[in-house]
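>>> Curious how this folds, go ahead:
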Amino acid sequence: FGGAEHMIAQALAHPASGFIGADGFLNAIGKALVAIDDNDLTNVRLQHGDASELLDWLPDAAFTRIDLLYPDPWPKRRNWKRRFIQNDNLARLARILKPGGELRFATDIDSYKSYALLRVQRSNDFAWTAETADDWRKPWGGWTRTRYETKAIREGRTPAYFIFRKET
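You can find the predicted model right below:
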């Protein structure tokens with residue numbers, strides 16, 4: 001969850017919903033804990049570690065939405081196997097999403113955009129919801145800009161915002 005900006009904003013906007021954030025960096029956990037405490041949030045749980053560690057532990061059809069925002073792009077081709085969007089992780093995400101649930105994915109790395117889109121479209125578990133080009137060029141409703149997005153825009157990279165619906 002990086003700086004936790006998006007997760008905290010979502011938790012504040014939807015106090016009746018529960019949120020789970022995962023990050024492997026202790027500083028990110030600390031920043032999120034401060035924001036949770038400052039806002040008296042009781043609907044957020046944190047996992048210190050890679051989000052993939054949670055996937056097998058979580059129950060089937062437990063989530064309405066999963067937001068995967070600016071994950072490590074592993075830009076060198078030889079490291080693409082480390083990217084979070086992989087066939088096995090897509091199947092695991094599909095298992096924990098309710099039918100009709102959404103996987104939302106944001107990235108500013110061109111190679112990751114096409115890489116992820118190709119893998120998700122090959123999956124029988126998800127359908128891309130875009131109907132026009134602007135559907136993936138503009139943030140979805142309720143979007144909160146993250147520090148990673150701010151940095152990407154400052155450095156001239158264009159973010160993409162994909163929404164994939166879990167097929168029933």
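
>>> for this structure, what helix or strand is lowest in average pLDDT?
Of all regular secondary-structure elements in the chain, judged by mean pLDDT, DSSP states H and E, the least confident is helix 52-55 with a mean of 86.

>>> packing partners for that helix?
Using 3 or more Cβ pairs under 8 Å, 6 or more residues apart in numbering; DSSP states H and E as the contact criterion, the neighbours of helix 52-55 among helices and strands are strand 19-23, helix 87-96. Glycine gets a C-beta too; all of them are placed from N, C-alpha and C.

>>> Show me what the helix or strand following that helix is packed against.
Counting by DSSP states H and E, the next helix or strand C-terminal to helix 52-55 is strand 63-69. For strand 63-69, the helices and strands in contact under the criterion 3+ Cβ pairs under 8 Å, 6+ apart are helix 5-13, helix 87-96, strand 97-107.

>>> Could you export the next helix or strand after the longest one as PDB, CA atoms only?
What that stands for is strand 97-107. Using DSSP H and E, the helix or strand that follows strand 97-107 in sequence is helix 110-122. These are the backbone C-alpha positions of helix 110-122, laid out as PDB (Å, rounded to 0.1, in the frame of the first residue of the first chain):
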ATOM      1  CA  ASP A 110       4.200   1.000 -20.100                       C
ATOM      2  CA  SER A 111       5.600  -2.500 -20.200                       C
ATOM      3  CA  TYR A 112       3.600  -3.500 -17.100                       C
ATOM      4  CA  LYS A 113       0.400  -2.000 -18.600                       C
ATOM      5  CA  SER A 114       0.600  -4.300 -21.700                       C
ATOM      6  CA  TYR A 115       2.000  -7.200 -19.700                       C
ATOM      7  CA  ALA A 116      -0.800  -7.100 -17.100                       C
ATOM      8  CA  LEU A 117      -3.500  -6.500 -19.700                       C
ATOM      9  CA  LEU A 118      -2.500  -9.500 -21.800                       C
ATOM     10  CA  ARG A 119      -2.400 -11.800 -18.700                       C
ATOM     11  CA  VAL A 120      -5.700 -10.700 -17.300                       C
ATOM     12  CA  GLN A 121      -7.500 -10.900 -20.700                       C
ATOM     13  CA  ARG A 122      -6.200 -14.500 -21.200                       C
END
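
>>> any idea of the mean pLDDT in helix 110-122?
In this model, helix 110-122 carries a mean pLDDT of 96.

>>> How about stretch 82-93?
The average pLDDT for stretch 82-93 rounds to 95.

>>> what's next to that stretch, contact-wise?
By Cβ atoms under 8 Å, 6 or more residues apart in numbering, the residues outside stretch 82-93 that reach it are 51-52, 55-56, 66, 68, 71-74, 103, 105, 112, 115-116, 119-120, 122-123, 125-126.
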